[in-house]
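Asker: This is the structure alone, sequence omitted:
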């Protein structure tokens, strides 16, 4: 979904198309959802921020929940796809962990992106009735934890981690730390403070002192 940077046309009035940049519209919706959360964000606010009338928004995105999910996936593809790929491809596990969390600290405080992770913060105000939203956000969180687990397992295979390394616990710790960094970013920590916290992620790995990046 990160490649949807094309003018999108929807029908308006007597067949007259109204064009808008779908990527730019998603960026503006993303900002509203990040600041307000899913439930409190109204369609009126979203339409005003996107500069698109309600019928056009519904025609293009379906409904509020689908707009939210597309905005979330746009955020993931735009800001997290590349760092995740680097993390997976880096042959040195310790460097992979260190670099990923350092880059995460920069992304979370980047002026170009919402302050803090969209998946963690924007979905906080979601009622139990919004099953589609809850399920999709949970799947994204599980996917991140699985990414950590898969890389740790490869570390064991490559001989960089002991065979008895507790992969589920380590993957959970990394995932929890990443979500915690998002909260800290939202709370106003400086870039250097957030990067300093992120530097402790690699210390969770066994033999960190002997394998320092």
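Answerer: Happy to help now that I have it. Please read these numbers as outputs of a predicted model, since none were measured by experiment.

Asker: Every contact and neighbour count from this point should use C-alpha atoms.
Answerer: Will do.

Asker: Buried ones in the helix or strand containing residue 151, by neighbour count?
Answerer: Per DSSP states H and E: residue 151 is located in helix 131-157. Across helix 131-157, burial judged by 16 or more other C-alpha atoms under 10 Å covers 133, 137, 140-141, 144-149, 151-153, 155-156.

Asker: quick one: the helix or strand encompassing residue 73 to helix 131-157, angle?
Answerer: Here residue 73, judged by DSSP H and E, is contained in helix 64-75. Angle of helix 64-75 versus helix 131-157, following axes from the mean of the first three to the mean of the last three C-alpha atoms, to 10 degrees, is 30 degrees.

Asker: wait, which of the buried residues of helix 131-157 is closest to residue 188?
Answerer: residue 141 (23.2 Å; C-alpha to C-alpha).

Asker: circling back to that earlier point, got the contact list for the following helix or strand past the helix holding residue 73?
Answerer: Counting by DSSP H and E, the next helix or strand C-terminal to helix 64-75 is helix 81-89. Contact with helix 81-89 is made by 96, 97, 99, 100, 103, 104, 147, 151, as judged by C-alpha atoms under 8 Å, 6 or more residues apart in numbering.

Asker: how about the next helix or strand along the chain from helix 81-89: buried residues?
Answerer: Next in sequence after helix 81-89, counting helices and strands by DSSP H and E, comes helix 93-108. Residues 93-102, 104-108 are the ones in helix 93-108 that count as buried (16+ other C-alpha under 10 Å).

Asker: low-confidence ranges in this protein?
Answerer: Applying pLDDT under 70 to the chain flags residues 1-18, 114-116, 121-129, 208-213.

Asker: Grab the nearest non-local neighbour of residue 198.
Answerer: Using C-alpha to C-alpha, 6 or more residues apart in numbering and skipping the chain neighbours, the partner closest in space to residue 198 is residue 101 (5.3 Å).

Asker: who's in contact with the one you found?
Answerer: With the criterion set at C-alpha under 8 Å, 6+ apart, residue 101 makes contact with 178, 195, 198, 199, 201.

Asker: you'd agree the fourth one is up against residue 98?
Answerer: Yes - contact criterion C-alpha atoms under 8 Å: residue 199 and residue 98 qualify, at 6.4 Å.

Asker: Residue nearest the middle of the protein, spatially speaking?
Answerer: residue 76 (4.4 Å; C-alpha atoms, centre = their mean).

Asker: now the residue nearest to residue 198: how far from residue 34?
Answerer: 21 Å (C-alpha to C-alpha, to the nearest Å).

Asker: same check, this time on residue 137
Answerer: Counting by C-alpha to C-alpha, the gap from residue 137 to residue 34 is 14 Å.

Asker: And residue 186, by the same measure?
Answerer: 10 Å.

Asker: These two: who's more crowded?
Answerer: residue 34 (24 against 16; other C-alpha atoms under 10 Å).

Asker: wait, isn't the more buried one in contact with residue 120?
Answerer: No - counting by C-alpha under 8 Å, residue 34 does not reach residue 120; the two are 9.5 Å apart.

Asker: what's the helix or strand for residue 19?
Answerer: strand 16-21.

Asker: Whichever helix or strand comes after that strand relative to helix 64-75, how many degrees between them?
Answerer: Using DSSP H and E, the helix or strand that directly follows strand 16-21 along the chain is helix 22-36. Angle of helix 22-36 versus helix 64-75, following the same axes, to 10 degrees, is 110 degrees.
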